[in-house]
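Engineer: Please work out how this folds:
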Amino acid sequence: MSSLTLRRPDDWHLHLRDGDALRAVLPFTAARFARAIVMPNLKPPVTTTEQALAYRRRILEALPAGMKFEPLMTLYLTDRTDPGEIDRAKASGVVQGCKLYPAGATTHSAAGVTDIRKIEPVLARMSELGVVLQVHGEVTDPEVDVFDREARFIDAVLAPTVAKFRQLKVVFEHITTKAAAEFVLHARTGVAATITPQHLLMNRNALFAGGIRPHYYCLPVLKTEPDRRALLDVVASGNPRFFLGTDSAPHARHTKEAACGCAGIFSSHAGIELYAEVFEALGALSRLEGFAAEFGADFYGLPRNPGEITLVKEAWEVPAHYPFGSGQLVPLRAGERIAWRLAEGKN
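Structural biologist: The predicted structure is shown next:
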């Protein structure tokens, strides 16, 4: 196959940052995706509808002329979130969900939830109004091995929450393990998951190939090859519970290549092309459109996009870095080749 035309896809998990960083990375997403669920872990975090609306305006103001893109907003849950804020979020028409960050689990999560029981009134109101809960699924107990934190979260937090709030719609974000894939496969109606390109393309050996690779460090961290194979199996199956979420997370080069480097992988520069590589290797290119452009919209109750994009089977070399404000941004596959490119897109 020399080209592939798809319904215009959506990214159901994306970090855009703010200010100069936002302006640097937004064009990559807007060239490929019609919409994206924008994560709220700014500094300070986006905890109110008013803040979400203001952030949305900044995103639209940063959008280059001639590009069309719709940011779908989220609120950052804290121990002090008021159930009334869920009413305001629903009434806004632009807030599509609320993000659960266990406090300390990942970048800018210090203000996150310390105990799921503290937000049960909020979860109850979300259930009533049909507001989606988006979950970073890791426990933060230092006694739990970093590679086991997702599986432990399922048992300790997610499974009980899904059982208690039977009408709550839940997206288990950026799943990384066989345990997570199996949980979603067998969960009740209303539970889904996003999967990133890095967790489909790499296992944890990539972190140590020839030395420490800071640009392959993300949270949840890359897992074992059997875990990766389990993720490949579910996307190849065409199960609508699993859909695209890049978790593209830009960090300046000097903050990644540091004594204590930031977690996050930037992939928006090839946010659909990398998935095309995965699906082609699986012999499942016919499944890509559902994963990228249909299942997420259906889960969120939004219309599927009317437009199309075309991918061309033509390898291109990823730049060593991109401009990022006053610094540099190192993308996934920097200096390497990607087999597919976006037709008429700016790589």
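Engineer: so where is this protein shaky, pLDDT-wise?
Structural biologist: Within the chain, the ranges that satisfy pLDDT under 70 run 345-347.
Engineer: redo that, cut-off 90
Structural biologist: 1, 103-111, 344-347 (pLDDT under 90).
Engineer: All the helices of it, residue numbers only.
Structural biologist: 19-32, 49-62, 83-92, 120-129, 149-153, 159-164, 178-186, 197-201, 225-237, 253-256, 273-281, 288-289, 295-300 (DSSP state H).
Engineer: okay if I get these as CSV plus distance to P102 and mean neighbour count?
Structural biologist: C-beta here means a position set from N, CA and C on the backbone, and glycine is covered the same way. Shown next, in CSV, are those (distance: least, CB to CB, whole Å; neighbours: other CB atoms under 10 Å):
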stretch, distance to P102, mean neighbour count
helix 19-32, 25, 20
helix 49-62, 21, 16
helix 83-92, 20, 17
helix 120-129, 14, 18
helix 149-153, 8, 22
helix 159-164, 12, 15
helix 178-186, 15, 19
helix 197-201, 19, 22
helix 225-237, 20, 18
helix 253-256, 22, 16
helix 273-281, 27, 20
helix 288-289, 32, 21
helix 295-300, 23, 20
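Engineer: so which of these comes closest to P214?
Structural biologist: Minimum separation from P214 across these (CB to CB) falls at helix 253-256, 4.7 Å.
Engineer: Just grab the bridge partners of the closest residue to V191 other than its chain neighbours for me.
Structural biologist: Closest residue to V191 apart from its sequence neighbours, by CB to CB, 6 or more residues apart in numbering: V170 at 5.0 Å. Note on V170: beta-bridge partners by DSSP bridges are L133, V191.
Engineer: circling back: can you list the helices of the chain in JSON lines and add distance to R8?
Structural biologist: Listed next are these as JSON lines, based on distance: least, CB to CB, whole Å:
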{"stretch": "helix 19-32", "distance to R8": "8"}
{"stretch": "helix 49-62", "distance to R8": "18"}
{"stretch": "helix 83-92", "distance to R8": "24"}
{"stretch": "helix 120-129", "distance to R8": "28"}
{"stretch": "helix 149-153", "distance to R8": "31"}
{"stretch": "helix 159-164", "distance to R8": "31"}
{"stretch": "helix 178-186", "distance to R8": "25"}
{"stretch": "helix 197-201", "distance to R8": "18"}
{"stretch": "helix 225-237", "distance to R8": "19"}
{"stretch": "helix 253-256", "distance to R8": "31"}
{"stretch": "helix 273-281", "distance to R8": "14"}
{"stretch": "helix 288-289", "distance to R8": "10"}
{"stretch": "helix 295-300", "distance to R8": "10"}
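Engineer: thinking again about what came up before, am I right that the residue nearest to V191 is in contact with A193?
Structural biologist: No: using CB atoms under 8 Å, V170 makes no contact with A193, being 9.1 Å away.
Engineer: Walking through the stretch 201-347 of the chain, point out its strands one by one.
Structural biologist: For the stretch 201-347 of the chain, the strands defined by DSSP state E, counting those that start in this stretch occupy 242-244, 308-312, 316-317, 322-324, 327-329, 337-338, 341-342.
Engineer: and the first one, how far out from the chain's middle?
Structural biologist: What separates the centre of strand 242-244 from the centre of its chain is 10 Å, taken as CA atoms, centre = their mean, to the nearest Å.
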